[in-house]
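Peer 1: The amino acid sequence is not available; the structure is as follows:
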């Protein structure tokens, strides 16, 4: 008989059916228990008080009020309770706790695996190595991203314009071109921008930070572009060329000024030629 009942777990057979609501079960005992929902029958009485119930399991749980039995224990602390529901609720407190702490800094986490990954920042351990170029990383996910440089894979696609990228962060940043979203705001003024890098650069106006230094002199600046331009004073590099003449310069602003000057000269010559043309008497 027990074997036959057991086989219903595998076959899914449920021969016992409630005539009131259609509930089905594999076991007659379950049906008898279920029927008490309809009959309101409460055959199980507490011997210590007037509590009654339709289910033996409820009576066992109720009796713990009188016996003070607490069979459900928390494995993370010394908490004990007589009710599985209370233990489940108690465990959520531990789930919210960040019990794993870094011994070097103030980092805390819920998971030991996260702490292991974090510690690599301090130890310098980089167990995930690229087989193509030898670059090593602390996280497997970072290696996976890096491999796209070699494979050329670009799984993140913009649905608006078809832009493709290897990194989800790049796609999020790109989408702001379409949405015009400017989530990064300056706390000192009303400046807003699409990009965190632009905000960091902007903040140097307020903080007066100048992290970019020239190695050839004591020049400092808050902007890498300014340092690049400044270095040309030492190297003599002149990458900007005028297409109208042989003028070269190390500064884009100089080229712009030179173009404007050339245009003014060109316009002046054209104006003079036009006046001369107009001053010639007609032959007709």
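Peer 2: Yes, it's here. Computed from a prediction, not measured in an experiment: that's the story for all the values here.
Peer 1: so where's this protein shaky on pLDDT?
Peer 2: 1-2, 255-284 (pLDDT under 70).
Peer 1: quick one: contacts of stretch 49-62?
Peer 2: If you take Cβ atoms under 8 Å, 6 or more residues apart in numbering as the criterion, stretch 49-62 is touched by 33, 36-37, 40-46, 66, 82-83. (Glycine included, C-beta is placed from N, CA and C.)
Peer 1: Off-centre distance for that stretch?
Peer 2: From the chain centre to the centre of stretch 49-62 is a distance of 49 Å (Cα atoms, centre = their mean, to the nearest Å).
Peer 1: how far does that stretch stretch from start to finish?
Peer 2: Terminal residues of stretch 49-62 lie 10 Å apart, using Cα to Cα, to the nearest Å.
Peer 1: quick one on the thing from earlier: ok, of the contacts of stretch 49-62, which come out buried?
Peer 2: 44, 82 (16 or more other Cβ atoms under 10 Å).
Peer 1: and residue 107, what does it touch?
Peer 2: Contacts of residue 107 (Cβ under 8 Å, 6+ apart): 101, 115, 118.
Peer 1: In a markdown table: the residues you listed, plus secondary structure, distance to residue 236 and neighbour count.
Peer 2: Formatted as a markdown table, these follow (DSSP: H, G, I helix; E, B strand; the rest coil; distance: Cβ to Cβ, whole Å; neighbours: other Cβ atoms under 10 Å):
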| residue | secondary structure | distance to residue 236 | neighbour count |
| --- | --- | --- | --- |
| 101 | strand | 55 | 12 |
| 115 | helix | 53 | 18 |
| 118 | helix | 48 | 17 |
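Peer 1: now the helices: where do they sit in this protein?
Peer 2: Under the criterion DSSP state H, the chain carries helices at the ranges 2-11, 28-39, 56-67, 84-96, 112-123, 140-151, 168-179, 196-207, 224-235, 252-279.
Peer 1: Run through the bridge partners of the residue lying closest to residue 142 once chain neighbours are set aside.
Peer 2: Excluding the flanking residues, the one nearest residue 142 by Cβ to Cβ, 6 or more residues apart in numbering is residue 128, at 7.2 Å. Note on residue 128: beta-bridge partners by DSSP bridges are residue 137.
Peer 1: What about residue 128, how many residues nearby?
Peer 2: 17 (other Cβ atoms under 10 Å).
Peer 1: Could you check how many residues crowd around residue 212?
Peer 2: Neighbour tally, residue 212, other Cβ under 10 Å: 17.
Peer 1: okay, now the domains of this protein?
Peer 2: 1-67, 214-256 (the TED database).
Peer 1: quick one: the longest one to chain centroid distance?
Peer 2: The one in question is domain 1-67. Distance, centroid of domain 1-67 to centroid of chain: 48 Å (Cα atoms, centre = their mean).
Peer 1: I figured residue 36 was touching residue 42, is that so?
Peer 2: Yes: taking contacts as Cβ atoms under 8 Å, residue 36 lies within contact range of residue 42: 7.4 Å.
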